[in-house]
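>>> sequence first, predicted coordinates after that:
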Amino acid sequence: AQSVAQPEDQVNVAEGNPLTVKCTYSVSGNPYLFWYVQYPNRGLQFLLKYITGDNLVKGSYGFEAEFNKSQTSFHLKKPSALVSDSALYFCAVSGYQKVTFGTGTKLQVIP
Amino acid sequence: ETGVTQSPTHLIKTRGQQVTLRCSSQSGHNTVSWYQQALGQGPQFIFQYYREEENGRGNFPPRFSGLQFPNYSSELNVNALELDDSALYLCASSLQADPNQPQHFGDGTRLSIL
């Protein structure tokens, strides 16, 4: 069975400060990990993915994620937060025939 | 390229009724997945269709069924609607049914059951 945990329901960060949104996973075999963002009344948008290779993955809109196999984590990061980054963020693990999403973390960037 | 489109955007039904939701996949994509997103929750996987065949299913009862057509568009059918079926239903398409492929989501159908 595969699972994803996002331990924080909400993260608040001041504009211009670095942000981190946490995700841990459980999966048998090699993990295929994704981050998506959801704006109000919209579907999810793909940000980035880890398949294999470098532990630091770069994605859209200046986001990056750090894969840590020993801690089974895949935290989303951005060096400098923008007010427009305020949204709901979902971590997901993908297996054959199924994708499992976390419960989401609401990111609030304060001007 | 045309993105994923879903119809209708909103729908109100009563308990016991049946509903059909529609999805047009992104151009070039042959795989469609359906998700249920309850308020304040993450999307829950319902099932996936790959080249017109069901290719995986989540923990949803048989009254949730689907179809994929030769043009890779898809339908989600729900029979005997229950109050708990009230949710945002999301369709996502991908290039192939491979776990390393990102999914491209539509904006969803908001289903309300009275």
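It's in. Numbers count the residues shown, from 1 in each chain, chains lettered A, B, ... in the order given.
>>> what's whatever residue of chain B ends up closest to chain A in contact with, if anything?
Minimum separation of chain B from chain A (C-beta to the nearest C-beta) falls at residue B:56, amounting to 2.7 Å. Yep, even glycine has a C-beta here, placed from its N, CA and C like the rest. Counting by C-beta atoms under 8 Å, 6 or more residues apart in numbering or on different chains, residue B:56 touches A:96, A:97, A:98, B:45, B:47, B:48.
>>> ditto for residue A:77
Each residue near residue A:77 by C-beta under 8 Å, 6+ apart is listed here: A:18, A:19, A:20, A:21, A:63, A:64, A:65, A:66.
>>> mind listing what's buried in whatever helix or strand it lives in?
With secondary structure defined by DSSP states H and E, residue A:77 is part of strand A:73-78. Burial within strand A:73-78, assessed by neighbour count using 16 or more other C-beta atoms under 10 Å in any protein chain shown, is assigned to A:73, A:74, A:75, A:76, A:78.
>>> residue contacts, the first one?
Shown in contact with residue A:73 (C-beta under 8 Å, 6+ apart): A:22, A:23, A:24, A:25, A:66, A:67.
>>> which parts of chain A are strands?
Secondary structure of chain A, counting by DSSP state E: strands at A:3-5, A:10-14, A:19-21, A:24-26, A:32-38, A:44-50, A:56-58, A:64-68, A:73-78, A:87-95, A:98-101, A:105-110.
>>> tell me the spacing between residue A:98 and residue B:110.
Distance, residue A:98 to residue B:110, by C-beta to C-beta, to the nearest Å: 24 Å.
>>> and residue A:26, by the same measure?
For residue A:26, the distance to residue B:110 under the criterion C-beta to C-beta works out to 31 Å.
>>> swap in residue A:33?
In this structure, residue A:33 and residue B:110 are 29 Å apart, going by C-beta to C-beta.
>>> only the buried subset of the contacts of residue A:77, as a ChimeraX command please.
The buried residues among the contacts of residue A:77 can be selected in ChimeraX (16+ other C-beta under 10 Å) with this line:
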select /A:19,21,63,64,65,66
